[in-house]
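Colleague: after the sequence you'll find the predicted model.
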Amino acid sequence: MAAALVDYGSGMALGTVGSGVDLELAAAENSDVVRAKMKTMKMLGIQGEIEDILITLQTQYHIIYTVPHLPLFLYLALAKDKTNLALSHYKIKALTKNISIT
């Protein structure tokens with residue numbers, strides 16, 4: 001349905017594609033989700049990075065997949081009835097390997 005590459009430090013979408021979701025708003029608000037989870041992990045003494053956050057709605061999956069070692073995440077809104085969640089995760093992981101900041 002829709003996707004965005006997001007800088008979670010600023011909450012800004014660096015690129016978007018698709019429709020059906022206000023991606024600028026989703027970028028900003030999901031950045032808050034990522035930062036809150038990172039803060040909670042730190043407070044609990046949990047080591048490591050967030051790989052992904054899955055939000056399951058009645059008709060959609062929303063995936064927040066962090067780009068390893070960068071302050072970015074890939075946000076996807078997927079139609080539940082048209083999505084293979086395992087395959088989506090595999091493809092997202094492959095895509096993020098090619099993302100770099102220059």
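Modeller: On my side now, so go ahead.
Colleague: next, count neighbours for the residue nearest to residue 57 when sequence neighbours are not counted.
Modeller: Excluding the flanking residues, the one nearest residue 57 by Cβ to Cβ, 6 or more residues apart in numbering is residue 80, at 7.5 Å. (Each C-beta comes from the backbone N, C-alpha and C, glycine too.) Residue neighbour count, defined by other Cβ atoms under 10 Å, stands at 12 for residue 80.
Colleague: for residue 80, what are its contacts?
Modeller: If you count contacts by Cβ atoms under 8 Å, 6 or more residues apart in numbering, residue 80 has them with 56, 57, 58, 59, 60, 61.
Colleague: repeat the analysis, applying 7 Å as the threshold.
Modeller: Taking Cβ atoms under 7 Å, 6 or more residues apart in numbering, we find residue 80 in contact with 59, 60, 61.
Colleague: now those: which count as buried?
Modeller: Among the contacts of residue 80, those classed as buried by 16 or more other Cβ atoms under 10 Å are 60, 61.
Colleague: restricted to strands, list the contacts of residue 80.
Modeller: 60, 61 (DSSP state E).
Colleague: would CSV of the contacts of residue 80 with pLDDT and distance to residue 99 be doable?
Modeller: Listed next are those as CSV, based on pLDDT from 0 to 100; distance: Cβ to Cβ, whole Å:
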residue, pLDDT, distance to residue 99
59, 95, 29
60, 95, 24
61, 95, 21
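Colleague: want to throw the contacts of residue 80 into a markdown table with distance to residue 102?
Modeller: Converted to a markdown table, these look like this (distance: Cβ to Cβ, whole Å):
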| residue | distance to residue 102 |
| --- | --- |
| 59 | 38 |
| 60 | 33 |
| 61 | 31 |
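Colleague: for the contacts of residue 80, which one is nearest residue 35?
Modeller: Closest approach to residue 35 among the contacts of residue 80 (Cβ to Cβ): residue 61, at 21.5 Å.
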